[in-house]
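**Q** here are the coordinates; sequence isn't available:
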């Protein structure tokens, strides 16, 4: 559960407003925050689905659930 929570926090950090502003400032691409958000948003959705699928496998499917310490 802790690893899933940490992974979810990392996924949310990609679409965080502060991170997007820092990225646009670091690349000298001012006033294009919306473009960066549109690009990163779909990546975060796909990665969140992949992490959610892995967490579901570890919770309910036997070979994967053997990796979880009890």
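**A** That came through, no problem. All figures in this text were calculated on a predicted structure; none of them were measured in a lab.
**Q** where in this protein is pLDDT low?
**A** Scanning the chain for pLDDT under 70 picks out 70.
**Q** just the helices in it please.
**A** 2-14, 17-26, 33-60, 62-65 (DSSP state H).
**Q** Turn these into CSV, including mean neighbour count.
**A** Heads up, the C-betas are built off the backbone N, CA and C, glycines and all. Below are the helices of the chain laid out as CSV (neighbours: other Cβ atoms under 10 Å):
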stretch, mean neighbour count
helix 2-14, 13
helix 17-26, 13
helix 33-60, 13
helix 62-65, 10
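**Q** Once you drop chain neighbours, what's closest to the residue nearest the centre of the chain?
**A** Nearest to the mean C-alpha position of the chain, counting by Cα atoms, centre = their mean, stands residue 11 at 1.7 Å. Distance criterion Cβ to Cβ, 6 or more residues apart in numbering; nearest residue to residue 11, sequence neighbours excluded, is residue 48 at 4.7 Å.
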